[in-house]
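Enquirer: only geometry, no sequence info:
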């Protein structure tokens, strides 16, 4: 688990935007993922939810709120073996993507944060060896959404083919509740930043 200060320090060190640090604007949310790239799992397709998505923001009283939930930022085993894109399965490249996501229907089914407003960069892996390649990049609109898996799903499989996916439905619902309040106050565009665990001190 991480703290708000750890996330903020990592963001500042990389020169990324950190919203609402000095003002009292409420629900100007920082959505930051942390990919597990520890030596034991580095570049391996673990097929488990071993990453985190954090949200930091000031509430209406001016106090900071911080949440951290289990997700995957990587595709699972089934996705790596049976990907839909002929270029290979997607894996989001770490970075800050400003204003790219909006609340919309994921696959027409339920509200999620969907890639609607800009491009992201992904790595493509087509050799099916269950080890992530970080050689070939692809930039564009690929439907890299932030959504949920099934109810408390154990394995990633093809719940992610590049998307950032919550393990637990109740965590995702809590996340979306915050996003919907933010959208009413600041508009329906969201920034997502993906860090790696080695970025955190």
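Expert: That came through, no problem. Fair warning: this is a prediction, and the values are worked out from it, not measured in the lab.

Enquirer: correct me, but residue 146 touches residue 53?
Expert: Yes. Counting by CB atoms under 8 Å, residue 53 is a contact partner of residue 146 at 7.5 Å. Glycine gets a C-beta too; all of them are placed from N, C-alpha and C.

Enquirer: which neighbours do these two share?
Expert: Shared contacts of residue 146 and residue 53, defined by CB atoms under 8 Å, 6 or more residues apart in numbering, comprise 31, 164, 166.

Enquirer: From the centre of the chain, point out the most distant residue.
Expert: Ranked by distance from the centre of the chain (CA atoms, centre = their mean), the top residue is residue 61, with 27.2 Å.

Enquirer: do you know how far it is from residue 24?
Expert: Separation of residue 61 from residue 24 (CB to CB, to the nearest Å) stands at 9 Å.

Enquirer: out of all of them, which strand in this protein is the longest?
Expert: Longest strand in the chain, counting residues (DSSP state E): strand 95-106.

Enquirer: Phi and psi next, for the most centrally placed residue in the chain.
Expert: Nearest to the mean C-alpha position of the chain, counting by CA atoms, centre = their mean, stands residue 164 at 4.2 Å. Backbone torsions for residue 164, taken as degrees, to the nearest 10, come to phi -100, psi 120.

Enquirer: so who does it touch?
Expert: Going by CB under 8 Å, 6+ apart, residue 164 touches 33, 53, 71, 72, 73, 92, 144, 145, 146, 147, 192, 194.

Enquirer: top of those by neighbour count?
Expert: With neighbours set by other CB atoms under 10 Å, the maximum within these is found at residue 71, which has 30 neighbours.

Enquirer: what pLDDT, on average, does the host helix or strand of that one get?
Expert: In this structure, residue 71 sits in strand 64-72 according to DSSP states H and E. For strand 64-72, mean pLDDT rounds to 97.

Enquirer: Please apply the same query to stretch 21-37.
Expert: Averaged across stretch 21-37, the pLDDT comes to 90.

Enquirer: and it, how far from the chain's centre?
Expert: Computed by CA atoms, centre = their mean, to the nearest Å, the chain-centroid distance of stretch 21-37 equals 12 Å.
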